[in-house]
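**Student:** Fold the stuff below for me.
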Amino acid sequence: MIYTVTFNPSLDYIIQVKDFQTGQINKTTYEKILPGGKGINVAIVLSNLGHESTALGFMAGFTGKEIEHRLANFGCTSSFIQVQEGLSRINVKMKSNEETEINGQGPKIQREDIEKLFKQLDQLTNQDILVISGSIPNTLPDTMYEQILERVQPIGCKVVVDATNTLLMKVLKYHPFLIKPNNFELGEIFGVSLTTRDEVIPYAKKLQELGAQNILVSMAGQGAVLLDEKGEVHQSRAPKGEVINSVGAGDSMVAGFLSGYLESNQDTQYAFMKGICCGSASAFSENLATKEEVFALMDTMKD
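**Tutor:** From the prediction side, this is the model:
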């Protein structure tokens, strides 16, 4: 089973306003509500690709219940910890002359809530995959990633980490199965600018030397690079298409890689290509990637 952890899930209220004016009444011309959060995106895409997963994390209030409801509509199973104080976030994403985002705070997570999550993680086995991604809300200790990896290390499950800079660097000693920085995040870690796939490779190797098993580096229109656990380097251009919405593309790449890895008896080249096409399929759509969209792009990459 694949488990995803989203520390601060949200309802994303996506709206479009023609010529937004501050201090005035503005009316929407388009609106949509989706469950949000990096781990939740991974769970939804896995479901679209035909894989079961369980979404873990924290939720509160009527907004938390709605997140669970909407996840179920996508065919996803969830087992969130019910937090007593506060509400799960509503994030407003407004498209107008400029794009504007207003993100909510989220509930107040207590120590006993964290312990409940740890008890859930204690039930994992060495056959499971755990995906941890996204930022840590200020009601959680900044060592949450490290605490989780230390907790599950004796279990032997595969852990995927999609986090930035310090959060990522501090968990490499636990040898995560997969990490997925983009080229900007990778460059930020080492204080360099990385714009080509060839430039990415030596820095991916540095992360492998520090403990990561597989390093998947997304590069938007430039494609991606994978340094796999055998030390082999895989590179690819991105599929051709019009980028409509890049939100969730990186999460989709993670889901696609895991899907391909499981379906192909751990063939990292196949997993790599499916990950790239999955990320692109989400970027080329207003919604997250579907199975049909992913395989259509994979067919184009055979040319």
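**Student:** Could I get the full set of strands for the stretch 1-150 of the chain?
**Tutor:** Along the stretch 1-150 of the chain, counting by DSSP state E, counting those that start in this stretch, strands occupy 2-6, 10-17, 28-36, 53-59, 77-78, 81-82, 89-95, 99-102, 129-133.
**Student:** tell me the pLDDT at the residue nearest the centre of the chain?
**Tutor:** Centroid-nearest residue in the chain: residue 251, 3.3 Å away (criterion: CA atoms, centre = their mean). The score at residue 251 is 95. That number is its pLDDT.
**Student:** So it belongs to a helix, correct?
**Tutor:** Yes. Remark: residue 251 belongs to a helix, assigned using DSSP: H, G, I helix; E, B strand; the rest coil.
**Student:** need the contact list for it.
**Tutor:** Counting by CB atoms under 8 Å, 6 or more residues apart in numbering, residue 251 makes contact with 38, 39, 41, 42, 45, 133, 162, 282. Using the backbone N, CA and C atoms, a C-beta is placed for each residue, glycine as well.
**Student:** Let's see that with 6 Å instead.
**Tutor:** Residue 251 is in contact with 38, 41, 42, counting by CB atoms under 6 Å, 6 or more residues apart in numbering.
**Student:** Poorly predicted segments of the protein, please.
**Tutor:** Residue ranges of the chain with pLDDT under 70: 303.
**Student:** All the helices of it, residue numbers only.
**Tutor:** In the chain, the helices defined using DSSP state H lie at 38-48, 61-73, 111-121, 144-152, 165-169, 183-190, 197-209, 249-263, 268-283, 291-300.
**Student:** contacting residues around the longest one?
**Tutor:** Contacts with helix 268-283, where a contact means CB under 6 Å, 6+ apart, come from 224, 226, 228, 234, 236, 238-239, 243, 246, 248-249, 252-253, 256-257, 260-261, 264, 288-289, 293-294, 297-298.
**Student:** distance between it and the chain's centre?
**Tutor:** 14 Å (CA atoms, centre = their mean, to the nearest Å).
**Student:** what's the answer for the fifth one, then?
**Tutor:** Between the mean C-alpha point of helix 165-169 and the mean C-alpha point of its chain there is a distance of 15 Å (CA atoms, centre = their mean).
**Student:** which residues touch that helix?
**Tutor:** By CB under 6 Å, 6+ apart, helix 165-169 touches 145, 189.
**Student:** returning to what we had before: out of the contacts of residue 251, which is most surrounded?
**Tutor:** Using other CB atoms under 10 Å as the neighbour criterion, residue 42 leads the contacts of residue 251 with 32 neighbours.
**Student:** Adding distance to residue 143 and mean neighbour count, write the strands of the stretch 1-150 of the chain out as CSV.
**Tutor:** What follows is the strands of the stretch 1-150 of the chain, written out as CSV (distance: least, CB to CB, whole Å; neighbours: other CB atoms under 10 Å):
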stretch, distance to residue 143, mean neighbour count
strand 2-6, 15, 25
strand 10-17, 23, 19
strand 28-36, 24, 16
strand 53-59, 17, 24
strand 77-78, 25, 18
strand 81-82, 18, 18
strand 89-95, 22, 18
strand 99-102, 27, 10
strand 129-133, 13, 25
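**Student:** Compare those and report which one is nearest to residue 212.
**Tutor:** Of all the strands of the stretch 1-150 of the chain, strand 129-133 sits nearest to residue 212, with 13.6 Å by CB to CB.
**Student:** Next, the angle helix 144-152 makes with that closest one.
**Tutor:** Interaxial angle of strand 129-133 relative to helix 144-152 (axes from the mean of the first three to the mean of the last three CA atoms, to 10 degrees): 170 degrees.
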